[in-house]
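Novice: with the sequence up front, the predicted model follows.
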Amino acid sequence: MTVTTEPSRVAHAKAKDSLLYLDGVSVSFDGFKALRGLSLVIEPGEMRAIIGPNGAGKTTMMDVITGKTKPDSGDVYFSGDADLTRMDEASIASLGIGRKFQKPTVFESHTVWDNIDLALAGVRKPFATLFHRTSKAEIARVEEILEIIRLTDKRHWFAANLSHGQKQWLEIGMLLAQEPKLLLVDEPAAGMTDAETAQTAILLKEIARTKSVVVVEHDMTFVRDLGVKVTVLHEGSVLSEGSLDAVSADPKVIEVYLGR
Ligand SMILES: Nc1ncnc2c1ncn2[C@@H]1O[C@H](COP(=O)(O)OP(=O)(O)OP(=O)(O)O)[C@@H](O)[C@H]1O
């Protein structure tokens, strides 16, 4: 006897053990396919680098994960059974998906410390925030985050006085304050000095010890420093996947990057 299983049930079973599961995701804008059957699985505790030429669909993929864009078709599951295609952006964020956009959006007229403290406050219940005094545990968490983002000695600085790279780290710290399970980071190294870029790779690797991280990046030196599995997107689907060395040697990837 042949047992037939509904496709969605099969997808669901496969999604169970992964943190993020995309299968056959397609998105069209006025008939133009930005994503074409994109499939991607991120395991709990994994850091993944996503690369690809301009227009490959990297931003659209992030938009689908965070609920900003709804796919025309395909499955998107988080933590096993949360169907992200049926949820709005706020509900998805509250599941523990944090996104860092390319441009830092810190509160410039507040100190580094206050920026992190405010981000912690953001996850407190409104009533608790109203009558809130930062608890010992919260102070310890702010300290811990400042260590991770290398801004301990700048805690009293106004964010406006930080370098571009330091502002990026501060924003990563603000995301950490929200205790996400998955961090989506868009081109963190853009505009950074070489030293800051190298520090950012170390910092993200530290974060990835306790959280899953998906990093979209163009800077190959940075991707090499991360030393993680790389997914190459092209025309809305996965062209190649593996170590940076493996995908760099893939003829399909060479053609896309160098063949025109
Ligand atoms: N809202 C939209 N309306 C129409 N077309 C769009 C929209 N958003 C994205 N696109 C198109 O979809 C394709 C994929 O875009 P996307 O921004 O996801 O690529 P990307 O890989 O992030 O590129 P980049 O590296 O330049 O940021 C592009 O051709 C883009 O022009």
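Specialist: Arrived safely, thanks for sending.
Novice: which residues of the stretch 1-150 of the chain fall in strands?
Specialist: For the stretch 1-150 of the chain, the strands defined by DSSP state E, counting those that start in this stretch occupy 20-29, 32-42, 47-51, 73-78, 82-83, 97-100.
Novice: packing partners for the second one?
Specialist: Applying 3 or more CB pairs under 8 Å, 6 or more residues apart in numbering; DSSP states H and E, we find strand 32-42 packed against strand 20-29, helix 58-66, strand 73-78, strand 237-242. In short, each C-beta sits where N, CA and C put it, glycine included.
Novice: model confidence over the second one, on average?
Specialist: Mean pLDDT, helix 58-66: 96.
Novice: what is that helix packed up against?
Specialist: Right, helix 58-66 is packed against strand 20-29, strand 32-42, strand 73-78, helix 89-96, strand 97-100, strand 182-186, strand 212-216 by 3+ CB pairs under 8 Å, 6+ apart.
Novice: again, but for the first one
Specialist: Taking 3+ CB pairs under 8 Å, 6+ apart as the contact definition, the neighbouring helices and strands of strand 20-29 are helix 7-15, strand 32-42, helix 58-66, strand 73-78.
Novice: pull out the buried positions in the last one.
Specialist: Of the residues in strand 73-78, Gly74, Asp75, Val76, Tyr77, Phe78 count as buried by neighbour count, 16 or more other CB atoms under 10 Å.
Novice: what lines up beside that strand in the sheet?
Specialist: Under the criterion DSSP bridges, strand 73-78 sits next to strand 20-29 (antiparallel), strand 82-83 (antiparallel) in its sheet.
Novice: relative to helix 58-66, how tilted is it?
Specialist: Counting by axes from the mean of the first three to the mean of the last three CA atoms, to 10 degrees, strand 73-78 lies at 60 degrees to helix 58-66.
Novice: contacts for strand 73-78 next, please.
Specialist: Outside strand 73-78, the residues that touch it by CB atoms under 8 Å, 6 or more residues apart in numbering are 8, 11-12, 15, 18-26, 35, 37-38, 64-65, 83-85, 92, 95, 97, 182.
Novice: buried ones among the residues you listed?
Specialist: Buried residues within the contacts of strand 73-78, defined by neighbour count using 16+ other CB under 10 Å: 11-12, 15, 18-26, 35, 38, 64-65, 84, 92, 97, 182.
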